[in-house]
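Participant: The sequence and its predicted three-dimensional model are supplied below.
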Amino acid sequence: ETSGHFRKLLVSMSVGGRMEQQAVDLQKAQTDAQRIYQAGEKRWGTDENTFNMVLASQSYEQLRAVFDAYGKVSGKDIEHAIKSEMSGDLSSGMLTIVRMIRSKQAYFAD
């Protein structure tokens, strides 16, 4: 079934809103990492929309910088945050996006 936050994730991925030619901005990466942390591990409950918005809109290079900054902010990797904050299809979908962004080759090799 595709409803709720999982549906929003699928729609976000299909509309093509990613800024592909975006130069890496380390300050923005730090800000986005902090936003994801505040939306997940730092609070009771999870703001899935913040995860979705960041993952669906930034370039792959920018997201790699966000993932690095997230590790410094939280002391854990982004995959851990997704696994601990989400479940089911939404978790699987977001983890797939992260794995693909980290390395297309490794993603397809699995």
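Facilitator: Alright, I've got the coordinates.

Participant: pLDDT value on the residue at minimal distance from the centre of the chain, please?
Facilitator: Ranked by distance to the mean C-alpha position of the chain (CA atoms, centre = their mean), the top residue is residue 55 at 3.9 Å. Confidence at residue 55, expressed as pLDDT, is 92.

Participant: Start the count at 49 instead of 1 going forward.
Facilitator: Okay, using 49 as the starting number, the last item reads as residue 103.

Participant: Leaving aside the residues adjacent along the chain, what's closest to it?
Facilitator: Computed as CB to CB, 6 or more residues apart in numbering, the closest residue to residue 103 that is not its neighbour in sequence is residue 145, at 5.3 Å. Glycine gets a C-beta too; all of them are placed from N, C-alpha and C.

Participant: Wait, the one you found touches residue 61, no?
Facilitator: Yes. Counting by CB atoms under 8 Å, residue 145 touches residue 61, with 7.3 Å between them.

Participant: So for those two, which sits in the more crowded spot?
Facilitator: residue 145 (20 against 16; other CB atoms under 10 Å).

Participant: Kindly provide the distance from that one to residue 75.
Facilitator: Remark: distance between residue 145 and residue 75 (CB to CB, to the nearest Å) = 23 Å.

Participant: Please report how far the closest residue to residue 107 other than its chain neighbours lies from residue 119.
Facilitator: The shortest distance from residue 107 to any non-neighbouring residue, by CB to CB, 6+ apart, is to residue 70 (4.1 Å). From residue 70 across to residue 119, the span is 21 Å (CB to CB).

Participant: next one: residue 56
Facilitator: The spacing between residue 56 and residue 119, counted by CB to CB, is 26 Å.

Participant: dump the residue contacts of residue 116.
Facilitator: Contacts for residue 116 (CB atoms under 8 Å, 6 or more residues apart in numbering) come out as residue 77.

Participant: Could you pull out the buried residues of the helix or strand encompassing it?
Facilitator: Under the criterion of DSSP states H and E, residue 116 resides in helix 108-122. The neighbour-count check on helix 108-122 (16 or more other CB atoms under 10 Å) flags 110, 111, 112, 113, 114, 115, 116, 117, 118, 121, 122 as buried.
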